[in-house]
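Visitor: Take this sequence and fold it.
(one chain, ligands or ions: 1)
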Amino acid sequence: MDNDPNQGVQAFAPAHCDDYFIELCALSTTDALTSEQWRQLELHLSICASCREIKAQYDGVIATALPALAVHLAQASDGYTSDSWSIEQAEASLMARIDRENISPEKDPQPSARAFNWRGLPWPYAGAAVFLIVAACAGYRIGLLKGRSSSEIADLPTSHMGNAQRDLNHSGVPPSPAPLMSEQRTKKEVELRQQLQSSGMEVVQLKEQLNRLENELADSNSALDRDSQNHAELERQLSLAQTNAQNLEDKLNATVSQNSQSGAQSQMLQAQVSELTASMREKDQQIAQHEELLDHDRDIRNLIGARDLYIAEIYDVAKNGKTQKPFGRVFYTKGKSLVFYAYDLDQQPGVKLASTFQAWGRKGIDQQHDINLGVFYQDDQNKKRWILKSNDPITLAQIDAVFVTVEPNGESSKPSGKPLLFTYLRLTPNHP
Ligand SMILES: [Zn+2]
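Guide: Model prediction:
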């Protein structure tokens with residue numbers, strides 16, 4: 001029983017169940033059951049779980065295995081394989097097997113869809129027979145479809161097809177008369193010669209095309225060679241340019257570092273220059289002071305060397321009899337020069353920073369004729385010393401006394417403040 005197609009179903013058949021109901025389950029997949037048999041089967045299925053399972057197995061075979069078989073048959077028919085599965089062969093071998101094993105009917109014959117008695121068979125054979133019937137129906141339908149499509153294809157091998165299909169293929173072709181055939185052959189020969197001629201021309205054209213393509217290929221190859229040479233040359237130039245760029249960058253870096261060094265150096269030099277400039281300015285000032293001192297010394301030497309020199313120290317005396325700041329010192333050479341030193345002129349009430357100290361020469365008793373001798377200039381700011389010089393002999397000849405006023409609005413034409421440091425000049429020379 002190794003090759004029995006119902007082996008899987010048999011495994012689910014319990015011993016206690018009547019074979020009759022298993023056969024009914026198998027036949028229920030076809031239209032072979034009477035209404036009475038349907039009623040019996042349904043009644044039994046309602047109380048027997050194992051038969052329900054068997055019926056479900058048969059239904060499953062019909063639902064899944066047969067469509068798959070149909071597809072297999074269709075593919076086999078497309079490929080025209082010689083080992084196509086044949087319904088007729090399978091049915092014949094099944095019947096031969098039944099005959100060989102001498103299976104006889106055990107029950108009374110009953111009406112059936114087929115010529116032999118289904119009930120007389122053991123249930124595996126009955127199942128196989130049902131399967132064959134259904135498969136035959138499906139195969140016949142597929143065969144019809146295939147036959148219709150293949151009849152449209154002319155001159156295909158037909159050895160594996162059925163008789164009906166062979167008849168169908170040959171029925172449409174009418175017999176050909178012999179004269180027509182030779183005429184057709186001549187015509188065909190002419191056509192073939194023309195085709196041969198055109199093919200020869202095509203071959204010539206193709207050869208020309210091939211030559212052209214070979215020439216183009218050679219051109220392309222030489223161009224490619226030139227390109228690769230150019231490429232090598234360009235790469236050489238590129239590497240040269242890169243080397244140059246690297247050199248330039250190195251030089252630039254060196255220059256930058258030199259620049260930063262020289263920048264620091266120039267900063268240092270600048271500082272030195274500033275120092276030197278400052279010290280030079282200081283020296284200039286010292287020189288100017290020395291020159292000024294030399295000038296003074298010269299004046300003093302001239303004064304001291306001159307005859308008729310009158311030197312006077314002048315103090316203003318307060319009401320309480322004490323001497324006051326400021327005080328003055330006069331060097332007067334009669335009719336030649338007057339040098340008036342005044343100290344601490346700003347050390348008195350009412351003097352502002354902007355005040356001008358002005359010297360006057362008195363001419364007679366009339367104060368209306370006081371002569372302007374000029375404005376004092378500050379000789380030494382630290383020592384609070386102011387100086388006025390006059391070398392005008394005409395002016396000096398007219399005056400007999402000198403004094404100082406504080407002028408709040410700059411140099412004045414008339415003395416406006418009270419006289420300070422008044423001293424007479426018409427005195428006997430006291431030096432040397
Ligand atoms: Zn049962």
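
Visitor: use CA for all of it now, contacts and neighbours both
Guide: Noted.

Visitor: Can you pull the phi and psi angles for the closest residue to Glu407 other than its chain neighbours?
Guide: Spatial nearest neighbour of Glu407, excluding adjacent residues (C-alpha to C-alpha, 6 or more residues apart in numbering): Thr356 at 5.1 Å. With angles defined as degrees, to the nearest 10, Thr356 sits at phi -110, psi 130.

Visitor: Pull the contacting residues for Thr356.
Guide: Going by C-alpha atoms under 8 Å, 6 or more residues apart in numbering, Thr356 touches 375-376, 406-411.

Visitor: same thing but 6 Å
Guide: Going by C-alpha atoms under 6 Å, 6 or more residues apart in numbering, Thr356 touches 406-407, 410.

Visitor: Can you tell me which of those residues are buried?
Guide: Buried subset of these (neighbour count, 16 or more other C-alpha atoms under 10 Å): 406-407.

Visitor: For the chain, which segments count as helices?
Guide: 7-10, 19-27, 35-47, 49-60, 66-79, 87-100, 123-150, 163-171, 178-305, 393-398 (DSSP state H).

Visitor: For the ones you listed, give me JSON lines that also has mean neighbour count and distance to Phe422.
Guide: Compiled in JSON lines, the helices of the chain are given as follows (neighbours: other C-alpha atoms under 10 Å; distance: least, C-alpha to C-alpha, whole Å):
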{"stretch": "helix 7-10", "mean neighbour count": "13", "distance to Phe422": "161"}
{"stretch": "helix 19-27", "mean neighbour count": "21", "distance to Phe422": "166"}
{"stretch": "helix 35-47", "mean neighbour count": "13", "distance to Phe422": "163"}
{"stretch": "helix 49-60", "mean neighbour count": "17", "distance to Phe422": "156"}
{"stretch": "helix 66-79", "mean neighbour count": "15", "distance to Phe422": "153"}
{"stretch": "helix 87-100", "mean neighbour count": "13", "distance to Phe422": "168"}
{"stretch": "helix 123-150", "mean neighbour count": "17", "distance to Phe422": "158"}
{"stretch": "helix 163-171", "mean neighbour count": "12", "distance to Phe422": "168"}
{"stretch": "helix 178-305", "mean neighbour count": "12", "distance to Phe422": "21"}
{"stretch": "helix 393-398", "mean neighbour count": "15", "distance to Phe422": "16"}
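
Visitor: Mean pLDDT added to those, as CSV?
Guide: Shown next, in CSV, are those (pLDDT from 0 to 100):
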stretch, mean pLDDT
helix 7-10, 42
helix 19-27, 89
helix 35-47, 92
helix 49-60, 90
helix 66-79, 67
helix 87-100, 65
helix 123-150, 54
helix 163-171, 45
helix 178-305, 90
helix 393-398, 88
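
Visitor: Could you dump those into TSV with distance to Arg426 added?
Guide: Shown next, in TSV, are those (distance: least, C-alpha to C-alpha, whole Å):
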stretch	distance to Arg426
helix 7-10	171
helix 19-27	177
helix 35-47	174
helix 49-60	166
helix 66-79	163
helix 87-100	177
helix 123-150	167
helix 163-171	176
helix 178-305	17
helix 393-398	10
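
Visitor: among those, which is nearest Trp386?
Guide: helix 178-305 (13.2 Å; C-alpha to C-alpha).

Visitor: just to revisit the earlier point, closest to Gly417 out of the helices of the chain?
Guide: So among the helices of the chain, helix 393-398 is nearest, using C-alpha to C-alpha, at 22.1 Å.

Visitor: ok, and what's touching the closest one?
Guide: By C-alpha under 6 Å, 6+ apart, helix 393-398 touches 335-336.

Visitor: Run through the stretch 301-432 of the chain and note the low-pLDDT ranges.
Guide: 303-307, 323, 349-350, 352-354, 383, 427, 429-432 (pLDDT under 70).

Visitor: how about stretch 400-416: buried residues?
Guide: 400-408, 411-412, 414-415.

Visitor: Going by distance to the ion, which of the residues you listed wins?
Guide: Nearest to the ion out of the buried residues of stretch 400-416 is Pro408 (C-alpha to the ion; 151.7 Å).

Visitor: Quick one: residues contacting the closest one.
Guide: Pro408 neighbours (C-alpha under 6 Å, 6+ apart): Ser355.

Visitor: separation between whatever residue of the stretch 51-200 of the chain ends up closest to the ion and Ser35?
Guide: The ion sits closest to Cys51 of the stretch 51-200 of the chain, with a gap of 4.4 Å, by C-alpha to the ion. Separation of Cys51 from Ser35 (C-alpha to C-alpha, to the nearest Å): 19 Å.

Visitor: quick revisit: from the buried residues of stretch 400-416, pick the one nearest Asp299.
Guide: Val402 (19.8 Å).

Visitor: The closest residue to that closest one other than its chain neighbours and Ser337, how far apart?
Guide: Nearest residue to Val402, sequence neighbours excluded (C-alpha to C-alpha, 6+ apart): Gly361, at 4.6 Å. Distance of Gly361 to Ser337, computed by C-alpha to C-alpha: 13 Å.

Visitor: With neighbour numbers in mind, choose between those two.
Guide: Gly361 (25 against 19; other C-alpha atoms under 10 Å).

Visitor: beta partners of the more buried one?
Guide: Ile371, Val402 (DSSP bridges).

Visitor: Would you mind measuring from it to Ala32?
Guide: In terms of C-alpha to C-alpha, Gly361 sits 172 Å off from Ala32.

Visitor: next one: Val190
Guide: Distance of Val190 to Ala32, given as C-alpha to C-alpha: 67 Å.

Visitor: Likewise for Asp370?
Guide: 172 Å.

Visitor: Looking only at neighbour counts, state which of those two leads.
Guide: Remark: of Asp370 and Ala32, Asp370 carries more neighbours, 21 against 17, as counted by other C-alpha under 10 Å.
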